[in-house]
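Trainee: Here is my input; please provide its structure:
(one chain, ligands or ions: 2)
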Amino acid sequence: MPRVFYRTHAIRFACTGCGRCCAWPGDDYIVEVSRAEQRRIQEFLGVSWAWFRRRYVTRHDDDTDSLRIPESRCVFLDAANRCRIYPVRPLQCRTYPFWPELLGQEKRWRAERRHCEGIDRGEVVPLARIQRLLKTQHRADAE
Ligand code: SF4
Ligand code: SF4
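Mentor: Ligands and ions are numbered 1, 2, ... in the order given. Coordinates of the predicted model:
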């Protein structure tokens, strides 16, 4: 395995709960949501499938559904900047900011501090935890 940034540097992270990763200006990000994740969220909310799809999901492209983002805020972000579906939030949310595209290069990781104030705070994150998160994303991409 190549000696990429996260394997050779101590990575610190502590989420402050600021909610900025769930609200952003412009259309840089989407929140991808697989069918299985949609089912879990639908059941968690206790609404019908048709209602769930109409109200919360939009088609991004032929292969990808994403959560709706009205007014540059995820549809599930409440007024207090809390996630209304936290226990069943999509993988993309559960793994942020430990995404391969951010962890592969120090400059990408550092640049992400503009969006996430939890980067470089708190304790060093064990390498094994980072690798677990990356592996989970890799598996999901392969499905
Ligand atoms: S689903 Fe929850 S964690 Fe994910 S972007 Fe929306 S509010 Fe944030
Ligand atoms: S932007 Fe970073 S610190 Fe803020 S809620 Fe998201 S993960 Fe936590």
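Trainee: Surely Val125 touches Phe13?
Mentor: Yes - using CB atoms under 8 Å, Val125 is in contact with Phe13, at 5.3 Å. Where C-beta positions appear, they are placed from N, C-alpha and C, glycine not excepted.
Trainee: who touches both of those two?
Mentor: Common contact partners of Val125 and Phe13 (CB atoms under 8 Å, 6 or more residues apart in numbering): Phe98.
Trainee: Ala23 and Arg73 touch, don't they?
Mentor: Yes - if you go by CB under 8 Å, Ala23 and Arg73 touch, sitting 4.2 Å apart.
Trainee: anything in contact with each of these two?
Mentor: Among the neighbours of Ala23, none is also in contact with Arg73 (CB under 8 Å, 6+ apart).
Trainee: I'd like the average pLDDT over the lengthiest helix in the chain.
Mentor: Longest helix in the chain by number of residues (criterion: DSSP state H): helix 127-142. What helix 127-142 shows for mean pLDDT is 91.
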